[in-house]
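Q: Please work out how this folds:
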Amino acid sequence: AATATAAADTLTPLRAEWFTSTDDRRFLSVEVKSSATDAETVLTATWDSGRGTPPGSGGTATLSRFTDAGQYMYHRFDHPLPVTQAPSRVTIKSSRGGSVTVPVTKWLGERRTPPGRHYVSDFVDHYMDPTEVTGRITALAAEFPGITQIVDLPYRTNGYRRAAQAQFGTVPASTFHVTSKAYGSQGGNDVSVALVKPGTASAPLTVSTGGRDVVVNLATDA
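A: Residues are numbered from 1 along each chain as shown. Alright, predicted model coming up:
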């Protein structure tokens, strides 16, 4: 009842693009954020089949609610949708009453013109961990002191970190993952998990812990 009587939500389009795969198939990708963050809000996209064609002639599909760490981010297609023709416009409507129509652009657009003679590149030539990135930034500031300034922010952030994980098994049906509760930098990297073959028949599955060491005695049949 509260949802039915609430004001219409506001839809903010984040992207509406089409692209062509290497095997010459066309796909449509749409991402839209609703001001209504509840799980009951449903967004539906309708698009044409090219410039000058009627709205809805290309197709209609429901967007999925995407969350990250339990927080609502936006609605999107689970996978880019195959389309016969490149759409020119897409309309997204919400079950809460919101609606927005936006143009569909070509992903990455046309080939860019070559950069000017003063354009400098290749500062990053491989994947860098945070320590390497900091060192590269510091080196660039020292090399170009006239156009750079390093500003230390007043508050530290969590940075790029996550829980520690390990994968066991090679056959998909018997593969499983273990994830630490603590961030890797806060002790998760020190957790060890050992799978032990008991060597006896009809052994039960047991798990024991000692500090940060986890031992799993595997079960066996007769």
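Q: tell me the SS of residue 9?
A: coil (DSSP: H, G, I helix; E, B strand; the rest coil).
Q: okay, now it: neighbour count?
A: Residue 9 sits with 20 neighbouring residues when counted by other C-beta atoms under 10 Å. (Each C-beta comes from the backbone N, C-alpha and C, glycine too.)
Q: Cross-check the contact I'm expecting between it and residue 99.
A: No. Shown here, residue 9 and residue 99 do not form a contact pair, counting by C-beta atoms under 8 Å, at 9.7 Å.
Q: any idea which helix is longest in this structure?
A: helix 130-143 (DSSP state H).
Q: and that one, what's its mean pLDDT?
A: For helix 130-143, mean pLDDT is 91.
Q: what sits opposite the spatially most central residue of the chain in the beta ladder?
A: The centroid of the chain falls nearest to residue 68 when counting by C-alpha atoms, centre = their mean (8.0 Å). Beta-bridge partners recorded for residue 68 (DSSP bridges): residue 71.
Q: pLDDT score assigned to residue 120?
A: 83.
Q: Compute the number of surrounding residues for it.
A: With other C-beta under 10 Å as criterion, residue 120 counts 7.
Q: go on, residue 87?
A: Residue 87 has 27 nearby residues by other C-beta under 10 Å.
Q: Quick check: it vs residue 106, distance?
A: Using C-beta to C-beta, to the nearest Å, one obtains 11 Å as the distance from residue 87 to residue 106.
Q: Quick check: neighbours shared by those two?
A: Taking C-beta atoms under 8 Å, 6 or more residues apart in numbering as the contact rule, residue 87 and residue 106 both touch residue 18.
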